[in-house]
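[1] my questions are about this predicted structure, shown below with the sequence.
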Amino acid sequence: MKVLLLGGTGEARALAEILATTDEVTTSLAGRVADPRLPVGRVRIGGFGGVDGLSSALAQFDVVVDATHPFAKTISANAVTACALRGVPLLRFERPGWADRTRDSWHWTPSHDDAAAVAARLGRRPFLTVGRQEIARFIPVLRDHATLARVVQVPDGPVPPSWRVVTSRGPYALAGELELMREHAADVLITKDSGGDFTWPKMEAAEQLGIPVVLVARPARTADVPTVSDIDDAVAWVRALSTMSR
Ligand code: NAP
């Protein structure tokens with residue numbers, strides 16, 4: 001099977017590694033990070049050019065697995081439309097969110113702008129972990145807060161003088177998260193509901209330190225796409241199609 005794997009997540013890399021043993025896998029990355037962690041198999045980098053571009057690219061593939069980040073809603077929506085147009089089977093892989101682990105000290109918000117407003121009320125020294133692309137939305141509200149922003153790659157624009165930016169890439173361990181939050185004297189953690197275990201230790205650290213957490217809820221998704229949250233299930237889906245096509 002020629003599999004187009006829409007990637008940019010650790011799970012997509014794990015999936016590529018397994019599928020590449022039996023199928024021809026091409027992982028597609030958006031090209032947001034200068035030195036991405038590359039998966040096993042073929043890799044293409046950069047946008048397709050909307051639904052039309054993706055739809056044309058699908059001529060080369062038998063199936064699509066969308067394993068992009070839960071907040072990457074545009075590419076997922078494009079995949080739904082393009083696959084429907086082309087009649088190409090599409091599977092959505094999405095890691096479980098954190099809603100079922102929710103705590104009393106968590107403040108769920110529907111958007112990044114709401115998260116900024118809530119965090120500004122809750123603390124003076126936020127630990128901001130929403131990713132480089134969203135940082136600009138927090139600057140107007142948290143301009144005068146002593147914010148520690150953690151990103152994989154430095155943001156494009158300037159940040160306020162009261163802010164400190166640290167660059168690093170997960171996964172993170174609890175001890176390190178505790179040390180970082182203590183060292184900054186963080187009094188509120190801001191995150192999106194990325195889910196999974198990769199970045200979970202910051203949530204545990206916040207709880208141990210008695211710090212409130214502001215979470216941005218996941219964007220809504222198209223309901224009628226087969227969706228799995230387990231890598232083995234995604235592999236089984238591809239292999240079942242492969243068997244049927246023989
Ligand atoms: P997005 O808003 O859904 O997509 C914006 C545009 O970027 C898409 O229309 C598409 O351009 C291009 N694109 C996105 N993912 C692509 C992929 N895997 N391959 C080829 N083109 C892609 O996405 P985003 O939130 O900017 O995220 C970009 C990438 O970073 C995703 O692959 C995602 O898995 C990864 N990521 C995102 C987050 C996050 O918080 N959003 C966190 C970690 C990793 P065209 O329309 O030109 O095709």
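    Noted; the coordinates are in hand.
[2] all contacts plus neighbour counts: C-alpha atoms, from now on.
    Will do.
[3] the chain: helices as residue ranges?
    Assigned by DSSP state H, the helices in the chain fall at 10-19, 50-57, 73-86, 112-122, 139-142, 174-184, 201-209, 231-245.
[4] how about these, which one is nearest W98?
    Nearest to W98 among the helices of the chain is helix 201-209; the distance by Cα to Cα comes to 9.9 Å.
[5] what angle do the closest one and helix 174-184 make?
    Angle of helix 201-209 versus helix 174-184, following axes from the mean of the first three to the mean of the last three Cα atoms, to 10 degrees, is 60 degrees.
[6] contacts for helix 201-209?
    With contact meaning Cα atoms under 8 Å, 6 or more residues apart in numbering, helix 201-209 is reached by S105, Y172, A173, L174, E177, L178, M181, V188, L189, P212, V213.
[7] same question for stretch 226-244.
    Taking Cα under 8 Å, 6+ apart as the rule, stretch 226-244 contacts 1, 11, 14-15, 18-19, 63, 90-96.
[8] in it, what's buried?
    Burial within stretch 226-244, assessed by neighbour count using 16 or more other Cα atoms under 10 Å, is assigned to T227, V228, S229, I231, A234, W237, V238, R239, S242.
[9] pull the CA atoms of it into PDB?
    What follows is stretch 226-244, C-alpha atoms only, in PDB (Å, rounded to 0.1, in the frame of the first residue of the first chain):
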ATOM      1  CA  PRO A 226     -12.900   6.700  11.200                       C
ATOM      2  CA  THR A 227     -10.800   7.700  14.200                       C
ATOM      3  CA  VAL A 228      -8.400   5.700  16.400                       C
ATOM      4  CA  SER A 229      -6.300   6.700  19.400                       C
ATOM      5  CA  ASP A 230      -4.100   3.700  19.500                       C
ATOM      6  CA  ILE A 231      -1.100   3.100  17.100                       C
ATOM      7  CA  ASP A 232      -1.800  -0.600  16.900                       C
ATOM      8  CA  ASP A 233      -5.400   0.100  15.700                       C
ATOM      9  CA  ALA A 234      -4.100   2.500  13.100                       C
ATOM     10  CA  VAL A 235      -1.700  -0.300  11.800                       C
ATOM     11  CA  ALA A 236      -4.500  -2.800  11.800                       C
ATOM     12  CA  TRP A 237      -6.700  -0.400   9.800                       C
ATOM     13  CA  VAL A 238      -4.000   0.000   7.100                       C
ATOM     14  CA  ARG A 239      -3.300  -3.700   7.000                       C
ATOM     15  CA  ALA A 240      -7.000  -4.600   6.700                       C
ATOM     16  CA  LEU A 241      -7.300  -2.400   3.700                       C
ATOM     17  CA  SER A 242      -4.100  -3.900   2.300                       C
ATOM     18  CA  THR A 243      -5.500  -7.400   2.600                       C
ATOM     19  CA  MET A 244      -8.800  -6.300   1.000                       C
END
